[in-house]
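> sequence and predicted structure, then a few things I'm wondering about:
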Protein chains: 2
Amino acid sequence: MSGERRRRRRPEEAERAILAAARAFLEERPFREMTVEGVMVRTGLSRPAFYAYFRDRYDLVTRLLEGVGGLLFALDWRWLSGGADGGEAREVLVEALRAGSQTFVEYGPVLRAIADAAGYDARVEEVYRYGLIERLVAAVGTRISRDVEAGISPGELDPEETARALVLMTERYLLDAFGRPERRPSRRESAAVFGTIEEIWVRTLYGRE
Amino acid sequence: MSGERRRRRRPEEAERAILAAARAFLEERPFREMTVEGVMVRTGLSRPAFYAYFRDRYDLVTRLLEGVGGLLFALDWRWLSGGADGGEAREVLVEALRAGSQTFVEYGPVLRAIADAAGYDARVEEVYRYGLIERLVAAVGTRISRDVEAGISPGELDPEETARALVLMTERYLLDAFGRPERRPSRRESAAVFGTIEEIWVRTLYGRE
DNA sequence: GTGTCTATTGACGTCACGTCAATAACAGGC
DNA sequence: GCCTGTTATTGACGTGACGTCAATAGACAC
């Protein structure tokens, strides 16, 4: 019987190890099966060690979100601040949507875990809703409002509500397509997803062709 | 000290009482706070009695869904089977959307609970996804496909994927608006929500005006 | 080698769960 | 009214995951 000697790491190293273990876990199994024990066995540390770095598993996924949320935000920023003439607006929008979708392709399972966890825990819901979704809604709403005033988009649209509907659609549809660990879409399927999102945004905001 | 005498009910009566208690609970607090004990105190029965009628709380919400899912399905059926000429298609769609939205106004918290529970439990996810969402997607997809072939809707649309995106958008947006027990929208806000959903569906499928 | 600091963990109490044998309310026969 | 069989109901139990804390033992300074 070997002594299974303990190891001792620097705090940030252990913390990164836990975050990496959580991410790896979520690449294989859904959040509902993620237990503190299940994450910690992948680090070689004991379960109680977890609580030296995170309050609970909701805190953990919240921290995972921090590494991804910024990406989504940075990308849509281009469209938000882009020029205000008709043809260009559409192109910039399409580019922003592609970039945002790409983030979901890469971090799908993590984002899915956050969305699931938002249903479990009030703090995660708060961070997800107001730290990500509502910020995107506000940004998109501002842009739509500007385009309506510029006459590029139709006046029947309620900017804020249209923004919310489109953002929620995109979030949900992308989670459905890329958030499930067990089902990775093919390149062809992914292209259909991207195309559909673009079609709906463009047709809603700028009309056909 | 009075004897707190037990009462004895007929099975279906007890079962209905539990379902009613669950629904009442969800009108006040979110699913994540719903415990078996918390539901059963509202019935005057003990916690173990619950397990004579339901396997667990996920079984409970699944049963709640049965009383609502049919409504959503019946309503969209009209649009699905409606006539295939341009002007009429749009009107029938709008009517179907209003009816479906109305179901969310009435049963919002219950539907929200199911959606949350789908993140908790694989069986609920199965029922929700394949028993409700995917059935709606299939129905809507069929209709879109027909409209595309009839030349009413644009050929760029991928019927199946467009259906999925629109259904998920509508589900999510309506849950966001009407699924939170604590925040009931005013009549004005509700009208903005309905209008936005219609606008996106109509503009996507049939183009502007 | 000795001592300090702190990362790590074994052991504990809690909470909600799901089960089961025991209990007692009701229905029906007399 | 009394007895009796059926079954709705529950007290008591074992389980699994949680979050805490005092005790343990690496790592580094000297």
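Happy to help now that I have it.
> chain center to the helix or strand of chain A with the lowest mean pLDDT, what's the gap?
For chain A, counting by mean pLDDT, DSSP states H and E, helix A:57-81 ranks last in confidence among helices and strands (a mean of 85). Chain-centre distance of helix A:57-81: 6 Å, with CA atoms, centre = their mean, to the nearest Å.
> next, see if the longest helix that chain A contains gets close to chain B.
Counting by DSSP state H, the longest helix found in chain A is helix A:86-120. Yes - applying CB under 8 Å from any CB of the partner chain, one finds that helix A:86-120 is in contact with chain B at A:115-116, A:119-120. Where C-beta positions appear, they are placed from N, C-alpha and C, glycine not excepted.
> please identify the buried residues of whichever helix or strand comes after that helix?
Per DSSP states H and E, the first helix or strand lying C-terminal to helix A:86-120 is helix A:122-128. Residues of helix A:122-128 classed as buried by neighbour count (16 or more other CB atoms under 10 Å in any protein chain shown): A:124-125, A:127-128.
> name the nearest of these relative to residue A:42.
residue A:124 (21.6 Å; CB to CB).
> show the model's pLDDT score for the closest one.
pLDDT for residue A:124: 97.
> ramachandran coordinates for residue A:35?
phi -110, psi 160 (degrees, to the nearest 10).
> that one and residue A:42, how far apart?
12 Å (CB to CB, to the nearest Å).
> again, but for residue A:103
25 Å.
> who's more crowded, the two?
Set residue A:103 next to residue A:42 and count neighbours by other CB atoms under 10 Å in any protein chain shown: residue A:103 wins out with 20 against 14.
> wait, what's in contact with the more buried one?
A:68, A:71-72, A:75 (CB atoms under 8 Å, 6 or more residues apart in numbering or on different chains).
> now the residues you listed in CSV, with neighbour count and distance to chain B?
CSV is the format used below for those (neighbours: other CB atoms under 10 Å in any protein chain shown; distance: CB to the nearest CB, whole Å):
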residue, neighbour count, distance to chain B
A:68, 17, 18
A:71, 15, 21
A:72, 20, 17
A:75, 19, 20
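> determine which two of these are furthest apart.
So, the contacts of residue A:103 by CB to CB: farthest apart are A:68 and A:75, at 11.3 Å.
> so residue A:179 makes contact with residue A:104?
Yes - the criterion here is CB atoms under 8 Å, and residue A:179 meets it with residue A:104 at 7.4 Å.
> so what's the residue count around the closest residue to chain B within chain A?
Across chain A, the shortest distance to chain B (CB to the nearest CB) belongs to residue A:169, at 3.1 Å. Residues lying near residue A:169 (other CB under 10 Å) number 24.
> quick one: it from DNA strand C, how far?
33 Å (CB to the nearest atom of the strand, to the nearest Å).
> how about residue A:166?
37 Å.
> shouldn't residue A:30 be in contact with residue A:116?
Yes - the pair residue A:30 / residue A:116 is scored as a contact, 7.0 Å apart, by CB under 8 Å.
> looking only at neighbour counts, state which of those two leads.
Counted by other CB under 10 Å, residue A:30 and residue A:116 do not tie: residue A:116 has more neighbours, with 23 against 20.
> how many residues are close by residue A:49?
By other CB under 10 Å, neighbour count at residue A:49 equals 15.
> how about the nearest residue to it, chain neighbours excluded?
Spatial nearest neighbour of residue A:49, chain neighbours left out: residue A:40 (6.7 Å); criterion: CB to CB, 6 or more residues apart in numbering or on different chains.
> so the one you found touches residue A:25, yeah?
No - if you go by CB under 8 Å, residue A:40 and residue A:25 don't touch, sitting 10.2 Å apart.
> how about the residues of chain A that lie near DNA strand D?
Counting by CB under 7 Å from any atom of the strand, the positions of chain A adjacent to DNA strand D are A:5-8, A:35-37, A:47-48, A:51, A:55-57.
> repeat that for 6 Å
A:5-8, A:35-37, A:48, A:51, A:56-57 (CB under 6 Å from any atom of the strand).
> and the residues you listed near chain B, which?
Counting by CB under 8 Å from any CB, no member of these reaches chain B.
> give me the buried entries from those residues.
Using 16+ other CB under 10 Å, the buried ones in those are A:36, A:57.
> and which of the residues of chain A next to DNA strand D is nearest to DNA strand C?
The closest of the residues of chain A next to DNA strand D to DNA strand C turns out to be residue A:48 (CB to the nearest atom of the strand; 3.3 Å).
> quick one: contacts for the closest residue to residue A:195 other than its chain neighbours?
Of all residues not flanking residue A:195 in the chain, residue B:158 sits nearest, at 6.7 Å (CB to CB, 6+ apart). By CB under 8 Å, 6+ apart, the residues touching residue B:158 are A:192, A:195-196.
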